[in-house]
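1. this one's structure only:
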């Protein structure tokens, strides 16, 4: 089945999937997504990977790496293996997802369901989704996150696939333009947003705005390199690393996009933008006590909302 034919569709898998994880497995207290803008440090302080490891349960956590997006999966795996072992992780392994056939392997489902953390590398997000879409591995990722509270991280292409509506390709357009960006279906772990990475470095604001002009029901999330947006499901979000996260809310936007031809420039009025630097954490409980950040609170409520299990 073509992914685009079911963009936005929902299928519940049910709580019976809990049987896939043994009782002795340690479970992190909160389900988290660690969405990295690419080019995270793997050689020096490794801050983002250290934090990811902490979220997974520390050095004893079972961390699994997916390199299916990469054109050099073995080389990328060696880089992450060295990085995680350098910060003390004892059980880090690559998930052997090389094609759609391997994504159906029963042993792979068990590995995913027993993991404390799963990290997806960069590369080509469409290649990654071509491999995972509508497979048991795809279903197991949802079960692991929603039912087992596994921490799931992804960088660059691995970040792009976090959202249900994914930027598949498109130039860093200089101005918001109609249909300038090609979108596809992603994993859907982040249900109400679309993610763009390498955001400041590749000047992708206009690209994100072009996407949102066509889908004003979504939030835009732009993440700088060596920076991560950490989402604590239902509770809070935090920015870690060295750069910023840009949140774009088009919910009050007025636009002429429906009157335009393809690639014509778009008028977009009333778009709200929030720039969140690394080192800041935003809790719904804390924001509820102040009226200063009402627009931001509404955005965060949508970002941390518990989405459906998909399969």
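-> In hand now; what should we look at? Fair warning: this is a prediction, and the values are worked out from it, not measured in the lab.
2. how close does residue 195 get to residue 36?
-> Distance of residue 195 to residue 36, given as C-beta to C-beta, to the nearest Å: 10 Å. Glycine gets a C-beta too; all of them are placed from N, C-alpha and C.
3. And residue 166, by the same measure?
-> Taking C-beta to C-beta as the measure, residue 166 falls 15 Å from residue 36.
4. next one: residue 196
-> Distance check for residue 196 against residue 36: by C-beta to C-beta, it reads 12 Å.
5. okay, the two: which has more neighbours?
-> residue 36 (30 against 26; other C-beta atoms under 10 Å).
6. Pull out the buried positions in the lowest-mean-pLDDT helix or strand in the chain.
-> None of the helices or strands of the chain scores lower by mean pLDDT, DSSP states H and E than helix 284-287, at a mean of 92. Under the neighbour-count criterion of 16 or more other C-beta atoms under 10 Å, helix 284-287 has residue 287 buried.
7. Other residues contacting that helix?
-> Helix 284-287 is contacted from outside by 235-236, 293, 296-297, 300-301, 304, using C-beta atoms under 8 Å, 6 or more residues apart in numbering.
8. can you give me how far that helix is from the chain middle?
-> 23 Å (C-alpha atoms, centre = their mean, to the nearest Å).
9. Which SSE is immediately downstream of that helix?
-> Per DSSP states H and E, the first helix or strand lying C-terminal to helix 284-287 is helix 294-303.
10. Show me what that following helix is packed against.
-> Counting contacts by 3 or more C-beta pairs under 8 Å, 6 or more residues apart in numbering; DSSP states H and E, helix 294-303 packs against strand 219-223, strand 236-241, strand 244-249, strand 272-277, helix 284-287.
11. again, only this time at 10 Å
-> Applying 3 or more C-beta pairs under 10 Å, 6 or more residues apart in numbering; DSSP states H and E, one finds that helix 294-303 contacts strand 193-196, strand 219-223, strand 227-232, strand 236-241, strand 244-249, strand 272-277, strand 281-283, helix 284-287.
12. can you put these in a markdown table and add distance to residue 171?
-> Below are the helices and strands packed on helix 294-303 laid out as a markdown table (distance: least, C-beta to C-beta, whole Å):
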| stretch | distance to residue 171 |
| --- | --- |
| strand 193-196 | 12 |
| strand 219-223 | 16 |
| strand 227-232 | 22 |
| strand 236-241 | 26 |
| strand 244-249 | 18 |
| strand 272-277 | 21 |
| strand 281-283 | 32 |
| helix 284-287 | 36 |
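13. Tell me if I'm right that residue 88 and residue 56 touch.
-> No. Counting by C-beta atoms under 10 Å, residue 88 sits too far from residue 56 to count as a contact (12.0 Å).
14. ok, the two, which is more surrounded?
-> Per other C-beta under 10 Å, whichever of residue 88 and residue 56 has more neighbours is residue 56, with 27 against 11.
15. For that one, which non-adjacent residue is spatially closest?
-> In this structure, residue 56 finds its nearest non-sequential neighbour in residue 117, 3.3 Å apart by C-beta to C-beta, 6 or more residues apart in numbering.
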